[in-house]
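Peer 1: got a predicted structure here, sequence first:
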Amino acid sequence: DAGITQSPRYKITETGRQVTLMCHQTWSHSYMFWYRQDLGHGLRLIYYSAAADITDKGEVPDGYVVSRSKTENFPLTLESATRSQTSVYFCASTEPYWTGRDSPLHFGNGTRLTVT
Amino acid sequence: TQLLEQSPQFLSIQEGENLTVYCNSSSVFSSLQWYRQEPGEGPVLLVTVVTGGEVKKLKRLTFQFGDARKDSSLHITAAQPGDTGLYLCAVSGSARQLTFGSGTQLTVLP
């Protein structure tokens, strides 16, 4: 089925471990995004990508690394997890241009990450 | 200071009541989007408003963009338990990334 899928849905890891969150979309959207959602802060942008091999920092990039070797995949890696990175992580994608007034971001269902 | 301030942060009402939530900023925007997020899911787009003063209706939901394009409101008539969720406003940046408000958590009690 077409859509955007994130894996895993839930992850518990220890401080200092490396962990990778996966995101896969089937629409061939050029733009992809990673957000984290925390109580009181709403959704904050970590990294985004305009196309394969093009990535850029968002509002809160420290401690995260991304890559985009294929259009459909946009993994997010926490190189050395910290407790402050406990959060719900959302991946999203959208078209490369404004196709109309209602061009939306399409979100996955999130990964709930707990760092102990 | 957040780019988008949403109020109230929490709202709990009885089924059948009306409510309005707000999204305010000191900046001017070319467009503004409203999303709804249900537990365990990602946000889903409800509407995009583009023109100052624009009013859009989606069944019992009415969205308005301020005349100066700095603020927006969402009014729900005769709220139902299915309206429960987190309502987020968002504005687009130069590379299609969205900046979100912190949201209004709405609970409609049966």
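Peer 2: It's in. In this text the structure is predicted, and so the values were computed from the model without any measurement.
Peer 1: which residues touch the longest strand along chain A?
Peer 2: Taking DSSP state E as the criterion, chain A has its longest strand at strand A:42-51. With C-beta atoms under 8 Å, 6 or more residues apart in numbering or on different chains as the test, strand A:42-51 has contacts from A:30-38, A:55-61, A:64, A:66, A:68, A:71, A:74, A:76, A:89-90, A:96, B:2, B:43, B:88, B:95-103. The way it works is simple: take the backbone N, C-alpha and C, and place the C-beta from them, glycine included.
Peer 1: beyond it, next helix or strand please.
Peer 2: strand A:54-57 (DSSP states H and E).
Peer 1: buried sites along that next one?
Peer 2: Neighbour-count burial for strand A:54-57 flags A:Thr55 (criterion: 16 or more other C-beta atoms under 10 Å in any protein chain shown).
Peer 1: hmm, who's touching that strand?
Peer 2: With contacts defined as C-beta under 8 Å, 6+ apart, strand A:54-57 is touched by A:Tyr47, A:Tyr48, A:Ser49, A:Ala50, A:Val66, A:Ser67, A:Arg68, B:Ala95.
Peer 1: that strand pairs with which strands, and in what direction?
Peer 2: strand A:42-51 (antiparallel) (DSSP bridges).
Peer 1: what about the residue in chain B positioned nearest to chain A, neighbour count?
Peer 2: Using C-beta to the nearest C-beta, the single residue of chain B nearest to chain A is B:Gly42, 2.7 Å away. By other C-beta atoms under 10 Å in any protein chain shown, the residues close to B:Gly42 number 22.
Peer 1: what's the answer for the one 4 residues further on, then?
Peer 2: Each residue near B:Leu46 was counted by other C-beta under 10 Å, and the total is 19.
Peer 1: swap in A:Glu72?
Peer 2: A:Glu72 has 16 nearby residues by other C-beta under 10 Å.
Peer 1: which element, helix or strand, includes the nearest residue to B:Gly82 once chain neighbours are set aside?
Peer 2: Using C-beta to C-beta, 6 or more residues apart in numbering or on different chains and skipping residues adjacent in sequence, the residue nearest B:Gly82 is B:Val108, 7.8 Å away. When elements are assigned from DSSP H and E, B:Val108 belongs to strand B:104-109.
Peer 1: and that strand, what's buried?
Peer 2: Buried, per 16+ other C-beta under 10 Å, within strand B:104-109: B:Thr104, B:Gln105, B:Leu106, B:Val108.
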